[in-house]
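Below is the structure, and that's it, no one-letter string:
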């Protein structure tokens, strides 16, 4: 896939991976539409983003507002979901609010966004633009971890959805990729919504992961298991 001239929505563009994706996609000639949860975090979206938009995955009405706007006002050739939250701790101590937030941000919200933008992706396919969806799902979708049961389950949910969706949308000309990198040094573990992170070994650099994601998009790859990072 040629990135030059493509319009790509990057959710979580204010985060470490999302910001780096925004910069590198823009450098390759793509028009990036970047999202953040609120005005404060939107200020962290790189200036290379063509448009800054608000998106709160915990609020279905926020997702609806964004997809309505994009459906009316923008071409969409690709969606990269770089948003996510993490929590740690024993499953027996899990609070319902924590589980709800994990599922909303990591699975239910992205599912709503992706499906509501199907018509835009189908239009892109009909125009010969090779549209795609890429979700940064994570290694826990393959290997659920103790002390991370709720987080793992939220990622398994989105991975299962994407796996089935890839088969559904292949005939429509839309590529769907679940990317499952291992531990990456983004600082996410230090911003857990509950619990304290274990002592992880040193992870991959954000730049390595982002370069691999972009290579997969450009190379028309269809899956990115942990072993590919």
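Yes, it's here. It should be emphasised that the depicted structure is a prediction, and the values quoted were computed from it without experimental measurement.

who are the neighbours in contact with the residue lying closest to residue 183 once chain neighbours are set aside?
Counting by C-beta to C-beta, 6 or more residues apart in numbering, the nearest residue to residue 183 once its immediate chain neighbours are dropped is residue 203, at 3.7 Å. Where C-beta positions appear, they are placed from N, C-alpha and C, glycine not excepted. Residues near residue 203 by C-beta atoms under 8 Å, 6 or more residues apart in numbering: 182, 183, 184, 185.

Distance of the third one relative to residue 164?
So the one you mean is residue 184. 26 Å (C-beta to C-beta, to the nearest Å).

Show me where the chain has its strands.
7-11, 31-36, 51-54, 78-81, 132-136, 175-179 (DSSP state E).

So which elements touch the longest one?
Applying 3 or more C-beta pairs under 8 Å, 6 or more residues apart in numbering; DSSP states H and E, we find strand 31-36 packed against strand 7-11, helix 16-27, strand 51-54.

hang on, the earlier thing: settle it for me: which of residue 184 and residue 164 has more neighbours?
Ranked by neighbour count (other C-beta atoms under 10 Å), residue 184 and residue 164 place residue 184 first, with 22 against 11.

I'd assumed residue 209 was in contact with that one.
Yes. Using C-beta atoms under 8 Å, residue 184 is in contact with residue 209, at 5.1 Å.

what residues do those two have in common as contacts?
Joint contacts of residue 184 and residue 209 (C-beta under 8 Å, 6+ apart) are residue 17.

Tell me which of the helices and strands packed on strand 31-36 lies nearest to residue 78.
When the helices and strands packed on strand 31-36 are compared by C-beta to C-beta, strand 7-11 sits nearest residue 78, at 4.1 Å.

Listing partners with orientation, what would you give for that closest one?
With DSSP bridges as the test, strand 7-11 is paired with strand 31-36 (parallel), strand 78-81 (parallel).
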